[in-house]
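>>> Structure of the sequence below:
(chains A, B and C)
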Amino acid sequence: MAKKALKYVIIGDGHAGNSAAETLRRGSPDADIAIISAKPTHYFDHSMLASFLLDKKDITSLYLYPYTWYKEHTIRLRLNQTVIRVDPGKHELMLAHNERMHYDRLLVASGAKPKLPESLSRYKGLLTMFTDAVDAMKLRERLGKLKHVTMVGGDCIGLHLAGSMLKLGKSITCILNEYSFWPLEYDTSVKDKLIEGLKKKHIEVLADDITTEIVKEGTGLTVMTKNGKIIKTDLAFLTSGMIPNIDFLDGSGIDVQTGILVDEYMHTSAQDVWAAGECATVYYPELKDYRQSTGEVNAKMLGNISARNMLDEKKAVSLAEPGKITIGGEDFITYGWKGFSIDV
Amino acid sequence: MDHYVKPEVYYPDEDIRQVREKGILQYRSERLPTWCPGCGYFGIETALTNALSSLGIMPKDLIIVSGIGCVGRYPFFVRGYGMHTLHGRALPVASGAKLARQELTVLALIGDGDGLGIGAGHLPHTIRRNPDITCVLFDNAIYGLTKGQTSPMTPQHQVTRSHPQGNPDPRMNPVLLALSYGATYVARGFAGAPDEMQNLYEEGIKHKGFSFIHIMSPCVTFDKVNYLYENLRKWVRPLPQGYDSGSLDRAFDVARGTEVFTGVIYNKPFL
Amino acid sequence: MGGKGSPLTYEKSLTIEICGSSGDRALAAGEILIKTLSDIGYHVISFDAYPAEIRGFGKTVAHMRAGREFMLSLSRKVDILISLSDRYAIEQLRNLNDEGVVLFDNRPNNVVYEDLPHDADQTEAHRLGPGVYTEKEGWKTPTKDDVSIAGHLGPGMYLYGIPLYQLSQKTTNESRSRNIVVLGAVAALFNVPEKEFINNLTAKLGKKDKSIESIIAAFEEGRRYVIENIVKLDPYSFEKLSVDRKSYRLMDGNKAVAQAAIDMGCKLYAGYPITPATKIMEILSDELPRHGGVVVQTEDEISAIGHVTGAGFAGVRAMTATSGPGFCLMTEFIGYNVMSENPIVVVDSQRGGPATGLPTKTEQSDLNHALFAGNGDTPRIVVAPTSAKECYQWTAEAFYLAEKYQTPVIVLMDLFLSLSVRNVSLDPIPDYKKGGNKFPTQEDMKLYLRQKITDDGVSPRALPGLENGYQAVSGLEQNEYGTPVYDELSHTRMTEKRFRKIQTALENDVPLPQRIGVSGRVKVGVISWGSTTGAVMDALDSILKQGKSVAMLKVIVINPLREKEIQAFFDDCEKVLVPELNYEGQFANWLSMHFQKKLYRYNKVAARPITHDEIEEEINRLLEE
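As a prediction, this is how the structure comes out:
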């Protein structure tokens, strides 16, 4: 008798989740595959952001895969649905809308969310997060009215966004400090080089400074820093790095440090649960150590490897080729980013 | 329209027309009844005509509705408004006519095959709705027009054309049926007793609500054993002196009894 | 809330479904929504019986389409699905557009599952255990009602969760107002003005529900939740249109028929309950007595048409309405009224057949029966209105024609026409149509002959109460003098007379069929009847905008046919398409009896109306062929 097709559930509609879904479908044509995402929109390719903002393209043209692809591959997309609990013992998920959902094998690929420094938590409402297509659409609506934007922090997403803003002729201020320097290693050489690069692109850089207060003023904001700087700005982006989005694993018994701990086969400490992408802290045999996964290159690769292991292939991870970010002629090496340049 | 030719005058009977115009037979049309000589229905017709005349009901205010069967032909012989309808369907049509024109007198004439066979389903419901119409059941206990088949009133074991080995089924009891569904005027008569019949009709027409009059009548052509004049004369007898036609219990006793009483069996005045 | 969404154009008329189980009051919500959309200027059609599986105590679906422009048919796909019961709404997903919107309760009272537990094997059921908590029963094993629609959407559909149960409890202390909360959400999500909404809420619920304030609070809470929590991503939106629709009323075909009966002075309605015609009787039971009429619920359809026959003879306008099975029982009386030349109006709202068939599904398969029912040569008038407006107009006409030509007139509706609600503006009926009887003249009264042979085939008809107008009508063949006769000459003349008066009706009272679309020669011409004509008109609207060589002929009177005009139309058409909702092509067959033209048939027995998109596809196919 044929084996009953398994039910694969993937939490997260990003690079890792989608790459895993594709691999799972290829390896198991009959399996029930579902992707769950708390986002109201489908995941879009951030590298296309500038063109989205500039060209007034439809957001659907930026999607990682078009909806028809999911239909053809009978992969269910459960958007706008939040997982609030995982019960590996029962092989069950609890969703915010009171749904108990069964899985045979689970991949957690819930990615990361913007890190909100403790000191800024009370200004959450005034900071703009940039994580999904809705944020991109909202930004595009306001774009005409924006002259100046502030990057609270200098993470890679922020730098990428800054690149898009530059192309649109917006002036930019970056507030940089050690906590907001992600995923690059914060050391002096990197920092100096980055400041140099940004300045070359006419970006105002406030180095080793920390945002202390944000006040709403008319349609804009006033941002104040520890060093006494006062910035009048139209929009303040929270770009102080990302932290794994894994709150829903509380109480699941799955081992977690910064991210979800997985072995070289991307398997977590719980039976039938794998993790990949920016929510995962991966054991690399080459390093004989764990490393927090960041960036889309890693996400794609790790998604694929977890899926192969979920299909019982026993495939171990290896380090990805490092990527390169170019800013003002300066190159930076990153792990997991395909790399980009804000120099045109 | 070349094919249209004026009708030749071969229809009316000039003599009959003169008779009618002189007012001798106010309720009779120029058409003579087609019933067999000696048929009990002649008596019924005469009594009914006399009742209408006695009550002063004008022909223009009269609708006579019949179904199919020997009784069905009745409207053709009457001067007034007549409807010769479908087999078994006199009651709904009569009800509709009465509901439409309350001021008219509406008679529904049914036969034992037509009203108790094919159209029996209408009887209980017409009784329930209680329209102010008078229903006369012409019961000759046989299908006459189709030449002698078993009717719902044919006694069990009687040999007929459709049952040469004898009718296997028991006959119906129309009086009991009418009483059971709550008819407020139920009477029985015999075609050979015209005065009594006339009285039953007059009372029935005057009665507000549905009146049901069962008339037993011989079929001289196709029934040689059952409803013969001499038999019926032997069987029927008037309701005893002092009979209380206001008592439903007594009425049921009469309906269930073996004796064939004639007269107003039940009459509950409209309050 | 995010982007507003583009306002509707005709091509983007919106179809909305509110789906619930019987206690969810989905239909009440639908009524309020469609009335509101009508009030803000949209053309609307609602057809609550549309879904494929209506069960008595189970699923109910309010189905409606709204658009800026006049329309007569439904769309194949649904744009917005509102779930008050996920169990049933899941079944409706198959009709949802690929970019459709789903609204659901994202905080239901109990735990729900992706799939129906009864589908699971024993161990699965055991594993699920007593998973559902309800206030009444405490913890219990999940049943097939405890499912969530969330996992069943196609990719690209929009899912919006609103805590219907919680907000209903919060505002009205009961869960029954979920249907009101969701209307608030609809108002906010799709830009339906709240003022009109609240007016209609008050009008519908204010009378019987004393706590109208809490109802409005429930509505407002749904609205507020959407504004504060939901990012609108779908493109669908309404707006208040600046058109005056004050003369428009919301009504279904049944109501239109009943209204026509009242306005035309019908004094007797007799009927037997049968889906989908029952509502006509229910409306008239309430209204006719106020207009001096009477309604009789008879023991069967034979009795019903019998009553109507009696009333017709007595000179009073009378009507019955039924559906296929009931119409079968009436057959003998149709013939009787043809023979006795008596006026009756019979409405047949067709449903799926044969026999009991599909009582809750629409079909156009009684045409043969309407045209031919009865033994012998039985000419009669058959009309088939194509919209609620025409149901009114042509029921009124039916009374007039029946009386004028002393014949049965059959009004062929169907379940879709009977039950779909539209906003219509009724044209007043000319006064002369309120009395059509050909009374005898003084000359006639010298020797009154009920069956007098005349040039136009119509004999003078005396009504009871008239002295010397005496007559005995019959189902037997009679001569002019009313005597039953069985000879060749009389039977021939009388049969000719009965056919001749239908020809007279054709010449005097049957309007020319309306031609719509490109004039002159066309590649494809469509001829249709009944409610399918609505879909053809909607399809043509769209096709003509593309400049294609297409025309249609709208035929309402099916017998007698305007042969000359139909022939002229056929001569203009390279191909003639005859779409209808029956298998054998009953109308196409009827046309083939009269015309030589090759017909392209499009037949469906889909248990639902043919939609405009299907007709459009078929026309395009014929254009390209």
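
>>> Tell me what the nearest residue to A:Asp331 once chain neighbours are set aside is bridged to.
Spatially, and ignoring its direct neighbours in sequence, A:Asp331 is nearest to A:Lys324 (5.3 Å; CB to CB, 6 or more residues apart in numbering or on different chains). C-beta coordinates here come from the backbone N, C-alpha and C atoms, glycine included. Under DSSP bridges, the beta-bridge partners of A:Lys324 are A:Ile333, A:Gly339.

>>> same for the longest helix along chain B, what does it pack against?
If you go by DSSP state H, chain B has its longest helix at helix B:40-55. Applying 3 or more CB pairs under 8 Å, 6 or more residues apart in numbering or on different chains; DSSP states H and E, one finds that helix B:40-55 contacts strand B:134-139, helix B:194-206, strand B:211-216.

>>> Switch those over to CSV; also include mean pLDDT, mean neighbour count and distance to B:Leu248.
Listed next are the helices and strands packed on helix B:40-55 as CSV, based on pLDDT from 0 to 100; neighbours: other CB atoms under 10 Å in any protein chain shown; distance: least, CB to CB, whole Å:
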stretch, mean pLDDT, mean neighbour count, distance to B:Leu248
strand B:134-139, 98, 28, 19
helix B:194-206, 96, 20, 17
strand B:211-216, 98, 28, 14
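
>>> Tell me which of these lies nearest to chain C.
Of all the helices and strands packed on helix B:40-55, strand B:134-139 sits nearest to chain C, with 13.5 Å by CB to the nearest CB.

>>> Can you tell me which residues in the stretch 51-200 of chain B are near chain C?
Within the stretch 51-200 of chain B, the positions adjacent to chain C are B:58-63, B:65, B:68, B:73, B:75-76, B:78-86, B:89, B:91-101, B:103-104, B:121-122, B:124-125, B:129 by CB under 8 Å from any CB of the partner chain.

>>> how close does the nearest residue to C:Phe372 once chain neighbours are set aside sit to C:Tyr405?
Leaving aside its chain neighbours, C:Phe372 sits nearest to C:Thr378 (7.7 Å; criterion: CB to CB, 6+ apart). According to CB to CB, to the nearest Å, C:Thr378 and C:Tyr405 sit 14 Å apart.

>>> show me where the stretch 151-300 of chain A has helices.
A:156-167, A:188-200, A:295-310 (DSSP state H, counting those that start in this stretch).

>>> most neighbours per residue, which of these?
helix A:295-310 (a mean of 26; mean count of other CB atoms under 10 Å in any protein chain shown).

>>> do stretch A:127-143 and chain C meet at all?
Yes. Using CB under 8 Å from any CB, stretch A:127-143 reaches chain C at A:Val134, A:Met137, A:Lys138, A:Glu141.

>>> Just the buried residues of these.
A:Val134, A:Met137, A:Lys138 (16 or more other CB atoms under 10 Å in any protein chain shown).

>>> Check those against chain C and report the nearest one.
Closest to chain C out of these is A:Val134 (5.1 Å), distances taken as CB to the nearest CB.

>>> Then the closest one would be within a strand, right?
No. Going by DSSP: H, G, I helix; E, B strand; the rest coil, the assignment for A:Val134 is helix, not a strand.

>>> ok now do it, which residues does it touch?
By CB atoms under 8 Å, 6 or more residues apart in numbering or on different chains, the residues touching A:Val134 are A:Lys39, A:Pro40, A:Thr41, C:Gly2, C:Val231, C:Leu233.

>>> what about 6 Å?
By CB atoms under 6 Å, 6 or more residues apart in numbering or on different chains, the residues touching A:Val134 are A:Pro40, A:Thr41, C:Val231.

>>> sorry, back to before: out of the residues of the stretch 51-200 of chain B next to chain C, which are buried?
Buried, going by 16+ other CB under 10 Å: B:59-63, B:65, B:68, B:73, B:75-76, B:78-86, B:89, B:91-101, B:104, B:122, B:124-125, B:129, out of those.

>>> Which of those residues fall within helices?
B:91-100, B:122, B:124-125, B:129.

>>> C:Asn179 - how many residues pack around it?
Neighbour count of C:Asn179, defined by other CB atoms under 10 Å in any protein chain shown: 25.

>>> Next, count neighbours for the residue nearest to C:Gly156 when sequence neighbours are not counted.
Leaving aside its sequence neighbours, C:Gly156 sits nearest to A:Tyr67 (CB to CB, 6+ apart; 3.4 Å). A:Tyr67: 17 surrounding residues under other CB under 10 Å.

>>> What separation do you get for A:Tyr67 and C:Asp98?
The spacing between A:Tyr67 and C:Asp98, counted by CB to CB, is 7 Å.

>>> The residue nearest to C:Gly156 and C:Met157 touch, don't they?
No. Taking contacts as CB atoms under 6 Å, A:Tyr67 lies outside contact range of C:Met157: 8.7 Å.

>>> shared neighbours, A:Tyr67 and C:Asp98?
Going by CB under 6 Å, 6+ apart, residues that sit against A:Tyr67 and also against C:Asp98 are C:Gly156.

>>> Using PDB, write out the CA atom coordinates for stretch C:328-343.
Listed next in PDB are the C-alpha coordinates belonging to stretch C:328-343 (Å, rounded to 0.1, in the frame of the first residue of the first chain):
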ATOM      1  CA  CYS C 328     -48.900  18.900 -14.500                       C
ATOM      2  CA  LEU C 329     -52.000  18.400 -12.400                       C
ATOM      3  CA  MET C 330     -53.500  21.500 -14.000                       C
ATOM      4  CA  THR C 331     -53.200  20.100 -17.500                       C
ATOM      5  CA  GLU C 332     -56.700  18.800 -17.900                       C
ATOM      6  CA  PHE C 333     -58.200  22.200 -16.800                       C
ATOM      7  CA  ILE C 334     -55.900  24.000 -19.300                       C
ATOM      8  CA  GLY C 335     -57.700  22.000 -22.000                       C
ATOM      9  CA  TYR C 336     -61.000  22.600 -20.400                       C
ATOM     10  CA  ASN C 337     -60.600  26.400 -20.400                       C
ATOM     11  CA  VAL C 338     -59.400  26.300 -24.000                       C
ATOM     12  CA  MET C 339     -62.500  24.300 -25.000                       C
ATOM     13  CA  SER C 340     -65.000  26.300 -22.800                       C
ATOM     14  CA  GLU C 341     -63.200  29.500 -23.800                       C
ATOM     15  CA  ASN C 342     -62.900  30.600 -20.300                       C
ATOM     16  CA  PRO C 343     -60.300  33.200 -19.100                       C
END
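
>>> For it, give me every contacting residue.
Stretch C:328-343 has contacts (CB under 6 Å, 6+ apart) with B:86, C:301-302, C:305, C:309, C:312-313, C:344, C:373-375, C:378, C:380, C:402-403, C:406, C:408, C:473, C:475.

>>> of these, buried ones?
By 16+ other CB under 10 Å, the contacts of stretch C:328-343 give B:86, C:301-302, C:305, C:309, C:312-313, C:344, C:373-374, C:378, C:380, C:402-403, C:406, C:408, C:473, C:475 as buried.

>>> ok, now which ones touch C:Lys197?
I think there's a mix-up here, since residue C:197 is Phe and not Lys. So C:Phe197 contacts C:Thr36, C:Ala187 (CB under 6 Å, 6+ apart).

>>> can I get the ones in helices among the buried ones among the residues of the stretch 51-200 of chain B next to chain C in JSON lines with pLDDT?
Compiled in JSON lines, those are given as follows (pLDDT from 0 to 100):
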{"residue": "B:Leu91", "pLDDT": "98"}
{"residue": "B:Pro92", "pLDDT": "98"}
{"residue": "B:Val93", "pLDDT": "98"}
{"residue": "B:Ala94", "pLDDT": "98"}
{"residue": "B:Ser95", "pLDDT": "98"}
{"residue": "B:Gly96", "pLDDT": "98"}
{"residue": "B:Ala97", "pLDDT": "98"}
{"residue": "B:Lys98", "pLDDT": "98"}
{"residue": "B:Leu99", "pLDDT": "97"}
{"residue": "B:Ala100", "pLDDT": "97"}
{"residue": "B:His122", "pLDDT": "98"}
{"residue": "B:Pro124", "pLDDT": "97"}
{"residue": "B:His125", "pLDDT": "98"}
{"residue": "B:Arg129", "pLDDT": "96"}
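
>>> From the residues you listed, pick the one nearest chain A.
Out of these, the member with the shortest distance to chain A (by CB to the nearest CB) is B:His125, at 54.5 Å.
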